[in-house]
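A.B. asks: Make a model of this:
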Amino acid sequence: MPGFPMYSLPIVALRELFLQLSLPEIFNISLCSKRSQRNVELLMRRGNSLEVQLDATEASKISVQRKNEYFHLKVAEFSDLIEKPEATALVNLNGSSVTVSIIGQTLFVTDKKSALKNVTKHVLNIFRCQIGKANIGDSCSSYVPTWVIEQQDPINTLSIDARNPSVNDLSLLFTKAKVSAKLTCSFEYSSQGPRPAIKMGKISLQRFDNDSSSWMTAEHLLNLNFEIGLLSESSFKNRDMNRFLKHWMAGGCNRLQEVCIEMQGFIKYSEVLRGVDHELISADEVNEYYSKLYEDTMEIRGGFQVCRRSDGKVARLLDNGASSYFFSFVVFE
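C.D. replies: Numbers count the residues shown, from 1 in each chain. Next up, the predicted model:
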């Protein structure tokens, strides 16, 4: 049967044709040749309606969603196959020639780490969109794919997971990454050596979660401007919390709504509040508020209230008791 000269159709007809194609069909057409890739990029409308999630982890998967349609493209290695593939092809991915075999929605390659970068950029180019959510790294490996942050638009949600990752890689991420909604850090260092000297630029976002915060310094904390924060297993002491509180009182971290920080050692409120004007609230005074941190209605009993002069915002340092490790701070609307 003779082939259909698709690209001989008028541009208007081609665009209408591409609207009828599924996401896997569009992807497969883009692999046919360099010309096909260029044509797909020209024919696809800018992907405002597309959502892209990247798992640059051991899973190595790119997920594209268009309304109720999903395309999950997994990248694996030939070594994962029990039998040799029936056919392979040399395709152009992001300007690199890569030998691949496609079985279903799995792309088999020789080295999935290097191929995942090219496959991801190929997908972003042909669908004319950007990564919205990315999970990078792996809890059993030090490898962190920093290329994920090279896109122009901010990533909505970024999760970093690694074991003993490179300080240079993390410094690059924390100085260059643009995250609009949520940044989650789950990496840790197993050695008992000196604290890694990770650099961090100014980061403004909605939420910051850190499962293992011992690597963080007070300077890192002051560089963050988040609305909601949850920091576990930190090495912060009372003097660090005093510095953060004064930073907020002076207008820093102006997006802050609620934060909970697990400190190193018991909290001493006299040290945390040293040099800070505050009002002691009786433990008999009980108020309820909706916690965006825990997504539930919570109860505030007593505590220490402060007021920021620059904008009149009122906040409460919760009194969790003398044997508490937690600095809990809530800003009222």
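
A.B. asks: need the contact list for residue 227.
C.D. replies: 205, 206, 207, 255, 256, 257, 258, 292 (Cβ atoms under 8 Å, 6 or more residues apart in numbering). All C-beta atoms are positioned from the backbone trio N, CA, C, and that covers glycine.

A.B. asks: Take those and keep only those in strands.
C.D. replies: Among the contacts of residue 227, DSSP state E puts 205, 206, 207, 258 in strands.

A.B. asks: rewinding a little: just give me the least confident of the contacts of residue 227.
C.D. replies: In this model, the minimum pLDDT among the contacts of residue 227 belongs to residue 292 (90).

A.B. asks: quick one on the thing from earlier: could you write me a ChimeraX select line covering just the buried ones among the contacts of residue 227?
C.D. replies: With 16 or more other Cβ atoms under 10 Å as the criterion, this ChimeraX line picks the buried residues out of the contacts of residue 227:
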select :205,206,207,256,257,258
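
A.B. asks: For residue 289, list each beta-bridge partner.
C.D. replies: Judged by DSSP bridges, the bridge partners of residue 289 are residue 298.

A.B. asks: related to what we said a few turns ago, and of the contacts of residue 227, the nearest to residue 134?
C.D. replies: Proximity of the contacts of residue 227 to residue 134 (Cβ to Cβ) peaks at residue 205, which lies at 13.9 Å.

A.B. asks: just to revisit the earlier point, from the contacts of residue 227, pick the one nearest residue 139.
C.D. replies: residue 207 (20.9 Å).

A.B. asks: re earlier: with distance to residue 228 added, can I get the ones in strands among the contacts of residue 227 in JSON lines?
C.D. replies: Putting those into JSON lines (distance: Cβ to Cβ, whole Å) gives the following:
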{"residue": "205", "distance to residue 228": "10"}
{"residue": "206", "distance to residue 228": "7"}
{"residue": "207", "distance to residue 228": "4"}
{"residue": "258", "distance to residue 228": "5"}
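
A.B. asks: who touches the residue nearest to residue 264 when sequence neighbours are not counted in this structure?
C.D. replies: Nearest in space to residue 264, with sequence neighbours left out and distances taken as Cβ to Cβ, 6 or more residues apart in numbering, is residue 235 at 4.8 Å. Residues counted as contacts of residue 235 (Cβ under 8 Å, 6+ apart) are 195, 213, 214, 216, 264.

A.B. asks: Roughly how far does residue 235 sit from residue 243?
C.D. replies: Distance, residue 235 to residue 243, by Cβ to Cβ, to the nearest Å: 14 Å.
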